[in-house]
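Chemist: Predicted model and sequence below, questions to follow.
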Amino acid sequence: MEIRIISSEIIKPCSSTPEHLRSYKLSAMDQFSLHTSFPFIFFYSGACKNSHHLKKSLSQTLTYYYPFAGRLKNGFSVDCDDYGVTFIEASVAGDMSELIKQPKVELLEQLRPYNEEEMLSAKVNLAVQVNHFDRVGVAICATFRHAIADACAAAHFIRNWSKVANCGGSLIDIKDVIFDCTSIFPSQDVTGAFSRRNRELAKDHEMITITKWFVFNNSKIAALQEKIGDRPTRFEALLALLWVL
């Protein structure tokens, strides 16, 4: 599988963040995730014929998720300066259906806009890469800085971005979009814990990573949705299951 970058740009929120929301404090829990990131990859069988619409809807969604478009300021807060998020388009020489049938981690990693080290050194808190397969199919990967978003916040963002792209901004669910945890977990001075020396020492210890691939068929996901009730999406139902395991 060969990937070629077509374009790369910064997408900013369509509306400026109000002055009183310009500083977003990190909780102690957020601070312990300063040096990690995680991706979500979504596969679609059709072709993406309107990248401009994806960019526009992303810009609209970022207005509500203003810390995502900001930049880390020391280890205590995010400067919500509307810097923006990275948006990359790439062409992929390969068969998406074969990749899904026989997934390999090293190939999936190529669909990410940044690897772990690149994401942590980048200024952005969110990076998106739209991968166009030459044999039809699109894979959209969103990589989040963990200090800014956990799995729940990331899933909420993806869901609302989808709503804006399909139905317009009027249907966006803005309840608890930005949740302040600092009253429960106040910021701490963790500079020593994340010093360069400590990170280098951690690298000296061999870490064994185990990757597993799980496939859930349509009937099982439908049964899970029915059991949960309250009409969750397929993704929400599956995420809820994984979250409690």
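Modeler: Good, I have the coordinates.

Chemist: Dump the helix ranked longest in the chain to PDB, restricted to CA.
Modeler: What stands out as the longest helix in the chain, according to DSSP state H, is helix 151-167. Output of helix 151-167 as PDB, limited to C-alpha atoms (Å, rounded to 0.1, in the frame of the first residue of the first chain):
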ATOM      1  CA  ALA A 151     -12.500   8.500  24.200                       C
ATOM      2  CA  CYS A 152     -15.900   9.800  25.300                       C
ATOM      3  CA  ALA A 153     -15.200  13.400  24.200                       C
ATOM      4  CA  ALA A 154     -13.600  12.200  20.900                       C
ATOM      5  CA  ALA A 155     -16.700  10.100  20.100                       C
ATOM      6  CA  HIS A 156     -19.000  13.000  21.000                       C
ATOM      7  CA  PHE A 157     -17.000  15.300  18.600                       C
ATOM      8  CA  ILE A 158     -17.100  12.700  15.800                       C
ATOM      9  CA  ARG A 159     -20.800  12.300  16.200                       C
ATOM     10  CA  ASN A 160     -21.400  16.100  16.100                       C
ATOM     11  CA  TRP A 161     -19.100  16.600  13.200                       C
ATOM     12  CA  SER A 162     -21.200  13.900  11.400                       C
ATOM     13  CA  LYS A 163     -24.400  15.700  12.300                       C
ATOM     14  CA  VAL A 164     -23.100  19.000  11.000                       C
ATOM     15  CA  ALA A 165     -21.900  17.500   7.800                       C
ATOM     16  CA  ASN A 166     -25.200  15.700   7.100                       C
ATOM     17  CA  CYS A 167     -27.800  18.000   8.600                       C
END
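
Chemist: ok now that helix, how far from the chain's centre?
Modeler: Using CA atoms, centre = their mean, to the nearest Å, the distance from the centre of helix 151-167 to the centre of the chain it belongs to is 10 Å.

Chemist: repeat for stretch 38-58
Modeler: For stretch 38-58, the distance to the chain centre is 13 Å (CA atoms, centre = their mean).

Chemist: hang on, the earlier thing: same for the longest helix of the chain, what does it pack against?
Modeler: strand 37-44, helix 51-62, strand 138-145, helix 234-244 (3 or more CB pairs under 8 Å, 6 or more residues apart in numbering; DSSP states H and E). The way it works is simple: take the backbone N, C-alpha and C, and place the C-beta from them, glycine included.

Chemist: Now do the same for it: mean pLDDT, whole number.
Modeler: In this model, helix 151-167 has a mean pLDDT of 89.

Chemist: Stretch 104-120 now?
Modeler: 83.

Chemist: What residues of it count as buried?
Modeler: Buried residues in stretch 104-120, counted by 16 or more other CB atoms under 10 Å: Leu108, Gln110, Leu111, Arg112, Pro113, Tyr114, Met119, Leu120.

Chemist: and the gap between the first one and Pro67?
Modeler: Counting by CB to CB, to the nearest Å, the separation of Leu108 from Pro67 is 27 Å.

Chemist: Below-threshold pLDDT in this protein: ranges please.
Modeler: For the chain, applying pLDDT under 70 flags the ranges 32, 120, 168-209, 245.

Chemist: Mind telling me what element Asp30 is part of?
Modeler: For Asp30, the host element (DSSP states H and E) is helix 28-31.
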